[in-house]
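Peer 1: Return atomic coordinates for the entry below.
(one chain, ligands or ions: 1)
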Amino acid sequence: MTRADVLVIGAGPAGLAAVAELASWGLTSLLVEQRDQVGGAIYRRHVGDGSHVLLMPEHHRRRRDALMQAYTQAQARVSPLFSSVFIGVDRDGRFLIDNRSLGRVQSVRPKAVIVAVGTVERVLPREGWELPGVVTAGGMQVQFKETGQTPQGKILLAGSGPLLLALAAQLAAAGNPPLAVLEHAQPLAAVWWQGRAVFNALRSWPHVQEAMLYARELWRARVPYLTGWQVQSVQTVADGLRINARHSSGLTRQYTVKHLALHDGLLPNTTGLPGAVQRTDNCIVHAGDCREVLGASAAIDDGRRAAQQVVRALGQRCDSDPLDRAITAAQRTQTALARLFQTAPVTPTANTVVCRCEGLRRSAFDQLQVAGSAHELRLVGRFGMGACQGRFCAHTVSALAHERGIDFDPAAINGNVLRWPLRPVSLAALAAYDESESAPEAVL
Ligand SMILES: Cc1cc2nc3c(=O)[nH]c(=O)nc-3n(C[C@H](O)[C@H](O)[C@H](O)COP(=O)(O)OP(=O)(O)OC[C@H]3O[C@@H](n4cnc5c(N)ncnc54)[C@H](O)[C@@H]3O)c2cc1C
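Peer 2: Presented below is the predicted three-dimensional model:
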């Protein structure tokens with residue numbers, strides 16, 4: 001029996017592609033995944049009784065099938081560890097894993113590490129966004145994919161970005177179309193303003209097919225896609241949620257729904273990750289959306305590229321595929337999409353909750369006595385110290401601090417601060433940790 005050569009964290013497209021590629025070069029891996037299945041954000045499967053098939057564009061389906069086949073073929077060299085959460089690196093360089101099946105923390109010290117922990121959703125604060133019934137669009141999509149059932153009752157989707165379109169089409173195809181999609185940006189008008197560069201970056205056949213698939217579902221279910229609209233506030237009423245929306249022209253509208261799904265884009269999930277380094281004795285590579293949010297196909301290419309970097313760092317010769325070209329094309333597409341879905345900054349009102357973990361409102365933020373640093377704000381306002389570890393509040397806190405003349409990067413609230421545990425861990429699991437013991441599951 002041999003110990004796994006490489007620790008791969010995250011079993012999404014990037015992590016799966018990485019383990020398959022490593023296996024093709026004769027390397028073994030320990031694949032750590034917090035959930036109980038592979039697939040990540042996009043390819044996760046039903047776990048409940050739901051029976052309908054998720055609407056998915058043909059090019060995603062083809063790449064998923066090829067990826068799963070490569071993963072299956074690699075299985076003799078992959079040791080998967082499910083329900084296990086990477087919680088940080090200790091001061092001696094051990095990678096700590098909260099093995100929730102065994103109820104204890106374990107550690108591994110592999111030759112190399114590929115971190116492929118995906119993305120986090122960006123959601124801008126609005127008045128009432130903390131109320132029950134308000135979720136993120138990604139959260140609603142995950143629930144829908146895993147249970148196979150749409151949420152019951154009227155749904156409104158709002159915010160900005162292509163994920164809103166995808167989710168609206170998936171809900172419509174499954175029989176519960178949203179009342180409307182309120183898109184803050186003006187993507188259709190922007191195609192004309194931004195002109196040829198955007199058009200060229202987006203005209204690849206898979207993207208056109210995907211856009212047509214979603215547009216067809218929305219048209220069939222008569223779902224209005226309203227651009228230039230944003231949610232101003234949310235209130236609880238007897239029959240659900242009252243949503244007040246406003247158009248950039250000043251027009252206002254009200255909706256009454258059971259569920260509001262908000263989404264304002266995706267950001268790399270960098271919170272507390274060890275930095276990338278490529279040396280023979282210490283090799284850590286970031287791959288997929290946690291390196292750069294480029295979508296599922298690019299995540300597969302990036303996972304393979306990360307594996308090839310590891311193979312080279314470990315001293316093997318490895319002639320790489322032309323993966324850089326595919327990743328550069330994905331970067332062009334994402335830049336064009338970002339231009340289409342560009343929105344004006346939103347200023348939270350006095351009553352808006354800024355930090356959901358502590359329930360701190362904008363009015364309370366304005367009264368915080370701070371002279372000038374992110375560190376001070378963390379201590380006084382407890383930003384980045386709750387369960388979200390700054391994933392939700394860092395950008396807003398940085399923008400509000402800027403208004404008061406205090407300038408710092410949002411990463412000063414979340415990403416830069418190396419600490420463990422990154423996620424809540426039970427005292428019993430910590431107490432059961434024996435650092436002299438190697439994790440048995442790390443052995444292939
Ligand atoms: C909610 C959501 C919906 C999306 N929908 C679409 C879509 O419809 N179409 C599209 O093209 N793209 C979509 N995307 C983007 C697409 O999913 C990603 O580009 C792609 O999945 C990235 O692959 P990845 O492997 O980098 O990350 P992911 O697929 O996110 O995989 C990361 C994996 O790491 C695991 N993980 C995270 N942290 C830890 C930890 N600490 N310990 C152990 N495991 C951990 C996660 O459980 C996950 O399985 C969506 C993204 C999100 C977040």
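
Peer 1: which residues sit in contact with the closest residue to residue 397 other than its chain neighbours?
Peer 2: Take residue 397 and drop its neighbours on the chain: the residue closest to it by Cβ to Cβ, 6 or more residues apart in numbering is residue 383, 4.9 Å away. The C-beta positions use only the backbone N, C-alpha and C, and glycine is treated the same way. Residue 383 is in contact with 355, 377, 390, 393-394, 397, 413, counting by Cβ atoms under 8 Å, 6 or more residues apart in numbering.

Peer 1: Which member of those is positioned nearest the ligand?
Peer 2: Lowest distance from the ligand to the contacts of residue 383 (Cβ to the nearest ligand atom) belongs to residue 390, with 15.0 Å.

Peer 1: Could I get the contacts of residue 383 in TSV, plus columns for neighbour count and distance to residue 339?
Peer 2: Shown next, in TSV, are the contacts of residue 383 (neighbours: other Cβ atoms under 10 Å; distance: Cβ to Cβ, whole Å):
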residue	neighbour count	distance to residue 339
355	24	31
377	24	32
390	27	27
393	29	27
394	24	24
397	27	26
413	28	27
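
Peer 1: Please, where are all the helices along this structure?
Peer 2: 13-24, 40-43, 58-73, 137-147, 162-173, 187-194, 196-202, 205-220, 296-313, 323-340, 362-366, 374-381, 394-403, 427-431 (DSSP state H).

Peer 1: winner for burial among those?
Peer 2: helix 13-24 (a mean of 28; mean count of other Cβ atoms under 10 Å).

Peer 1: in the stretch 51-200 of the chain, what residue is nearest the ligand?
Peer 2: Counting by Cβ to the nearest ligand atom, the stretch 51-200 of the chain gets nearest the ligand through residue 118, at 2.2 Å.

Peer 1: Need the per-residue pLDDT for that residue.
Peer 2: With respect to pLDDT, residue 118 has a value of 96.

Peer 1: ok, now how distant is it from residue 324?
Peer 2: 21 Å (Cβ to Cβ, to the nearest Å).

Peer 1: same question, residue 409
Peer 2: 28 Å.

Peer 1: cool, and residue 43?
Peer 2: Taking Cβ to Cβ, one finds residue 43 at 24 Å from residue 324.

Peer 1: Tell me where the model's unsure across the chain.
Peer 2: 1-2, 46-53, 191-203, 279-280, 320-321, 415-418, 436-444 (pLDDT under 70).

Peer 1: give me every residue that touches the residue most central in space within it.
Peer 2: Within the chain, the residue whose C-alpha comes closest to the C-alpha centroid is residue 119; the distance, by Cα atoms, centre = their mean, is 2.4 Å. Contacts for residue 119 (Cβ under 8 Å, 6+ apart) come out as 41, 266-269, 289-290, 293.

Peer 1: same question, residue 410
Peer 2: Neighbours of residue 410 in contact, by Cβ under 8 Å, 6+ apart: 390, 394-395, 397-398.

Peer 1: Which of the residues you listed sits closest to residue 167?
Peer 2: residue 395 (22.0 Å; Cβ to Cβ).

Peer 1: Was I right to think that closest one contacts residue 120?
Peer 2: No: between residue 395 and residue 120 there is no contact under Cβ atoms under 8 Å: 10.7 Å.

Peer 1: how close does the closest residue to residue 78 other than its chain neighbours get to the ligand?
Peer 2: Leaving aside its chain neighbours, residue 78 sits nearest to residue 19 (4.8 Å; criterion: Cβ to Cβ, 6+ apart). Here the distance between residue 19 and the ligand works out to 11 Å (Cβ to the nearest ligand atom, to the nearest Å).
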